[in-house]
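S.K.: Predicted model and sequence below, questions to follow.
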Amino acid sequence: MAKHFECREHWRAVDTARNIARDYQLTVTLDLFGWTVVERQWGRIGCNGKGARDSFPNAASARRFVDAVRSRRGSAKHRIGVEYRSVEEA
């Protein structure tokens, strides 16, 4: 059985010459019932974006989902021509 994990990640893809300013945030927490909750928010930097919340009965399935999200963000250079970079939060 996989151990519960929590994380908070924040990425941005910016190319001012091409008017690309994307923001993506991912948060993993544990709810009161023991389910692992993955919250995602995305959109243009400085604007209201969209979001989604997914719940998983165990940490292993949540980790697979998070790995798929990371993989998708990692392929941005190929897809949109700009890579996502981590944003350090204060």
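M.R.: Happy to help now that I have it. Numbering: from 1, shown residues only.
S.K.: Only C-alpha atoms from now on, for both contacts and neighbour counts.
M.R.: Fine.
S.K.: tell me which element the closest residue to Arg12 other than its chain neighbours falls in.
M.R.: Using Cα to Cα, 6 or more residues apart in numbering and skipping the chain neighbours, the partner closest in space to Arg12 is Asp23 (4.6 Å). Taking DSSP states H and E as the definition, one finds Asp23 inside strand 20-30.
S.K.: count of neighbours near Asn48?
M.R.: With neighbours defined by other Cα atoms under 10 Å, the count for Asn48 comes to 10.
S.K.: Could you list the buried residues of stretch 46-59?
M.R.: By neighbour count with 16 or more other Cα atoms under 10 Å, stretch 46-59 contains the buried residues Ser55, Phe56, Asn58, Ala59.
S.K.: do you know how far the last one is from Gln41?
M.R.: Spelled out, it's Ala59. 20 Å (Cα to Cα, to the nearest Å).
S.K.: And the strand holding Asp23, what does it pack against?
M.R.: Judged by 3 or more Cα pairs under 8 Å, 6 or more residues apart in numbering; DSSP states H and E, strand 20-30 is in contact with strand 7-15, strand 36-44.
S.K.: What average pLDDT does it get?
M.R.: Averaged across strand 20-30, the pLDDT comes to 96.
S.K.: Each with direction, which strands does it pair with?
M.R.: strand 7-15 (antiparallel), strand 36-44 (antiparallel) (DSSP bridges).
S.K.: Pull the residues that contact the first one.
M.R.: I take that to be strand 7-15. Strand 7-15 has contacts (Cα atoms under 8 Å, 6 or more residues apart in numbering) with 20-29, 82-88.
S.K.: and what of the last one?
M.R.: Applying Cα under 8 Å, 6+ apart, the external contacts of strand 36-44 come out as 4, 21-31, 49-59, 62, 66.
S.K.: Now do the next helix or strand after that strand: everything it contacts.
M.R.: Sequence-wise, the next helix or strand downstream of strand 36-44 (DSSP H and E) is strand 50-56. Contact with strand 50-56 is made by Trp35, Thr36, Val37, Val38, Glu39, Arg40, Gln41, Trp42, Gly43, Ala62, as judged by Cα under 8 Å, 6+ apart.
S.K.: what's the closest of those to Ser75?
M.R.: Ser75 has its nearest neighbour among these in Trp42, at 16.0 Å by Cα to Cα.
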